[in-house]
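Peer 1: Got a predicted structure plus its sequence, pasted below:
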Amino acid sequence: MKTMLSVTIVTLLTCWAAAANAANIATFEDLSLSPNSYYNGSDLAGGFTSGGAFFDNNYNQSWGSWTGFAYSNVNDTTTVGYTNQYAAYTGTGFGGTGNYAIGFSAGSYINLPTGSTPVSVELTNTTYAALDMLNGSGFSKKFGGTTGNDPDYFSVTLTGYDAANAGGSTTGSATFYLADYRFTNNAQDYIVNDWQQVDLTPLGNAASIALTWASSDTGAYGINTPTYVALDNLVTTPEPASLALLGIGGITLLARRRRRIA
C-alpha cells in the first residue's frame, strides 16, 4: 500500500513538474510557405495561429493592403522600399532558417494560449524599416541626420492586456529599441540587424499583447519611420493559476487514494 502511494506521489510530482516546465513556442514552422514567400491575409482568414497563439490580421481587398501580422521567409536584405515589406533584416528566421512573423501598424495584437503567460520573444528589424532609417527615403529621414548627431530612435512596445483582442485592463509592458542614435558617442548608435530576445515577464498574466511604435521622426500624420517589426519564437508557459489547479487536483487524487488504502 505504501508502495502504491509512493508511486502515486512521484507520478503527480512528475506531471506537475512537466506542466511547470512546459512551454508553447510560436516558431511559425507549423505554417506552410514556399521558399522566399509570405502570407499577408489575402484569403481573408482574419489571422493565423502558431504555438497556440493567435496573430491578428486584417486584409483590405479594395487596397490590397493589410495590418496586424503576416508570416514570411523572404530573405531579401538589400531591396529598399515598401515592395520589400515582408523581409527580416537578418535574412532568415531566428536560428538562421525558417519562417517568422511581421508585425505592422499600431493595434496589432496577439491572443496568447489560454491559461498561459508570456515569457520572451525574439525581435529584429525588417529590411524595409532598417534601410529606411539607414539611408532615408525622401519621406522619412536618415537617422542621425547629415552630421550623425541627431538623437533619433525607433521603438516597439509590447503591452499586455488581461482579456483577448487587446481588451480589458493593461497588465504591463516591455519596450524594445529597434534603433537608437541618442548616445553622446556616435559609435554607439545602432540599428538592430540581428535577432534579440526581449523579456516579456513584465507583462504579467497577460491574455493578449498589442504592439505600438514610437519614433523621433514624425510628421503631420504621425510616425514617418515604417512601423514594422520582425518577430520569432514567442514563448509562453502555464500561468500560476493553472499550476495551482493541477496541484489541487493532485491533492484530491491523493486524498481519494489514501481513503481507499485505509
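Peer 2: Cool, the structure landed. Numbering: from 1, shown residues only.

Peer 1: Check which element follows the strand ranked longest in the chain along the chain.
Peer 2: Determined from DSSP state E, the single longest strand within the chain is strand 167-180. Once strand 167-180 ends, the next helix or strand along the chain (criterion: DSSP states H and E) is strand 190-191.

Peer 1: what lines up beside that following strand in the sheet?
Peer 2: Strand pairing for strand 190-191, using DSSP bridges, gives strand 167-180 (antiparallel).

Peer 1: Now for Thr147, how many residues are close by?
Peer 2: Per other CB atoms under 10 Å, the neighbour tally for Thr147 reads 7. The C-beta positions use only the backbone N, C-alpha and C, and glycine is treated the same way.

Peer 1: Can you tell me the SS state at it?
Peer 2: Counting by DSSP: H, G, I helix; E, B strand; the rest coil, the backbone at Thr147 sits in coil.

Peer 1: Look up how far Ala179 lies from it.
Peer 2: Separation of Thr147 from Ala179 (CB to CB, to the nearest Å): 17 Å.

Peer 1: same check, this time on Ile25
Peer 2: Relative to Ala179, Ile25 is positioned 27 Å away (CB to CB).

Peer 1: Tyr38 now?
Peer 2: In terms of CB to CB, Tyr38 sits 23 Å off from Ala179.

Peer 1: Looking only at neighbour counts, state which of the two leads.
Peer 2: Between Tyr38 and Ala179, counting by other CB under 10 Å, Ala179 is the more crowded of the two (24 against 16).

Peer 1: who touches the more buried one in this structure?
Peer 2: 125, 130, 133, 143, 152-154, 190-192 (CB atoms under 8 Å, 6 or more residues apart in numbering).

Peer 1: where does the stretch 1-150 of the chain dip in pLDDT?
Peer 2: Applying pLDDT under 70 to the stretch 1-150 of the chain flags the ranges 1-21.

Peer 1: Chain neighbours aside, what residue packs nearest to Phe183?
Peer 2: Excluding its sequence neighbours, the residue lying closest to Phe183 (CB to CB, 6 or more residues apart in numbering) is Asp189, at 5.8 Å.

Peer 1: And that neighbour, how far from Pro113?
Peer 2: 38 Å.

Peer 1: And Asn84, by the same measure?
Peer 2: Asn84 sits at a distance of 32 Å from Pro113 (criterion: CB to CB).

Peer 1: What of Gly172?
Peer 2: As judged by CB to CB, Gly172 and Pro113 stand 18 Å apart.

Peer 1: same deal with Leu178?
Peer 2: Per CB to CB, Leu178 is found 26 Å from Pro113.

Peer 1: Among these two, which residue is more densely surrounded?
Peer 2: Leu178 (26 against 18).

Peer 1: In this structure Ser50 contacts Ser32, no?
Peer 2: No - the criterion here is CB atoms under 8 Å, and Ser50 misses it with Ser32 at 11.4 Å.

Peer 1: between the two, which one's more packed in?
Peer 2: The neighbour count for Ser50 versus Ser32, taken as other CB under 10 Å, is higher for Ser50 (22 against 9).

Peer 1: now Gly81: how far from Leu231?
Peer 2: Taking CB to CB, one finds Gly81 at 21 Å from Leu231.

Peer 1: Neighbour count: these two, which is higher?
Peer 2: Leu231 (28 against 12).

Peer 1: buried residues in stretch 68-79?
Peer 2: For stretch 68-79, the neighbour count (16 or more other CB atoms under 10 Å) marks 68-74, 77 as buried.

Peer 1: quick check, distance from that stretch to the centre of its chain.
Peer 2: 15 Å (CA atoms, centre = their mean, to the nearest Å).

Peer 1: same question, stretch 219-237
Peer 2: Offset of stretch 219-237 from its chain centre (CA atoms, centre = their mean): 10 Å.

Peer 1: For the stretch 51-200 of the chain, just list every one of the helices.
Peer 2: Here the stretch 51-200 of the chain has its helices, by DSSP state H, counting those that start in this stretch, at 127-135.

Peer 1: So which residues of it form strands?
Peer 2: Taking DSSP state E, counting those that start in this stretch as the test, the strands found in the stretch 51-200 of the chain are 53-60, 65-72, 100-104, 108-111, 116-124, 153-163, 167-180, 190-191, 196-199.
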